[in-house]
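S.K.: coordinates for the following, if possible.
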Amino acid sequence: MRWLIKSFSYIFHPLWMPLIAVIIYYVTTPRFMNPEFWYAKFFATTIMTVIIPILSFYMFKNLNLVTEIHLKDVKERKFPLLFQGLFTLLIIYIVFKGYELPELHFFFVGVLGSTLAALVLVLFQFKASLHMIGICGVLFFVLGLSIHFNSNMLWLISLLVLACGATATSRLEAKAHTPVELVVGTIVGAVPQFLAFPYWL
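M.R.: Alright, predicted model coming up:
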């Protein structure tokens with residue numbers, strides 16, 4: 001049972017969360033999108049949110065700036081968060097422009113806000129849970145989509161709430177965070193998405 005609980009840290013790793021949000025949008029949106037247009041956006045998102053961060057992790061590891069992928073030491077978070085902020089800016093201004101896909105544009109604006117908030121906390125030697133930031137950001141984005149499209153997404157929202165609980169349990173089991181760090185991570189992930197709602201709902 002313990003291995004299953006610990007596996008949630010990898011299944012719901014913050015690295016996957018932006019891509020999962022993009023997939024959820026594609027699956028749930030009632031809008032028609034040209035497949036070639038969508039594939040280009042999906043491919044660009046995969047490169048900037050998954051492939052480049054993985055490659056940069058190994059670069060940081062070779063430079064002895066990080067030791068493992070969960071970034072348990074608060075001092076190791078500075079450069080990965082800076083890189084994430086930079087590539088999130090590129091996504092906002094190049095991949096998901098506001099006039100094309102405003103929902104995803106402002107989702108990534110929220111992601112940028114969460115990233116900057118996590119970075120500020122790092123400067124104060126506080127380690128907010130990046131796992132909770134990621135999964136709660138997706139949860140609130142889906143809540144926004146449900147309102148925006150006037151669509152019943154209760155089943156998906158319920159799954160994401162369970163995922164939040166499973167992720168928090170996993171991080172506690174791994175002794176990677178205190179309950180306060182998990183709560184702060186939840187707030188940092190949710191609030192920027194909530195603040196972005198008026199711009200696209």
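S.K.: report the buried residues of stretch 173-193.
M.R.: 174, 176-177, 181-182, 184-193 (16 or more other C-beta atoms under 10 Å). Bear in mind the C-beta positions are built from the backbone N, C-alpha and C, glycine included.
S.K.: give me the element residue 22 is part of.
M.R.: helix 17-28 (DSSP states H and E).
S.K.: and the contacts of that helix?
M.R.: 33, 38, 41-42, 45-46, 49-50, 91, 101, 103-104, 107-108, 111, 134-135, 137-138, 141-142, 145, 149, 151, 153, 156 (C-beta atoms under 8 Å, 6 or more residues apart in numbering).
S.K.: now do that helix, average pLDDT.
M.R.: Summarised as a single mean, pLDDT over helix 17-28 is 94.
S.K.: quick revisit: buried members of the contacts of helix 17-28 into ChimeraX, please.
M.R.: Buried residues within the contacts of helix 17-28, by 16+ other C-beta under 10 Å, are selected in ChimeraX with:
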select :41,45,49,91,101,103,104,107,108,111,134,135,137,138,141,142,145,153,156
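S.K.: report the distance from stretch 136-143 to the chain centre.
M.R.: Centroid displacement of stretch 136-143 relative to its chain, using C-alpha atoms, centre = their mean, to the nearest Å, is 9 Å.
S.K.: what does that stretch contact?
M.R.: 17, 20-21, 24, 28, 107, 110-111, 114, 153, 156-157, 160-161, 163-164, 185-186, 189-190, 192-194.
S.K.: so which of these belong to helices?
M.R.: With DSSP state H as the criterion, helices contain 17, 20-21, 24, 28, 107, 110-111, 114, 156-157, 160-161, 163-164, 185-186, 189-190, 192-194 from among the contacts of stretch 136-143.
S.K.: ok, the nearest residue to residue 136 once chain neighbours are set aside - contacts?
M.R.: Computed as C-beta to C-beta, 6 or more residues apart in numbering, the closest residue to residue 136 that is not its neighbour in sequence is residue 189, at 3.5 Å. By C-beta under 8 Å, 6+ apart, the contact set of residue 189 is 114, 132, 133, 134, 135, 136, 137, 139, 140.
S.K.: go with 10 Å
M.R.: By C-beta atoms under 10 Å, 6 or more residues apart in numbering, the contact set of residue 189 is 14, 17, 110-111, 113-114, 117-118, 128-141, 164.
S.K.: next step: those restricted to helices.
M.R.: Reading helices off the contacts of residue 189 with DSSP H, I get 17, 110-111, 113-114, 117-118, 130-141, 164.
S.K.: neighbours around the nearest residue to residue 38 once chain neighbours are set aside, how many?
M.R.: Closest residue in space to residue 38, ignoring its immediate chain neighbours: residue 26 at 6.3 Å, by C-beta to C-beta, 6+ apart. A count of nearby residues for residue 26, using other C-beta atoms under 10 Å, gives 15.
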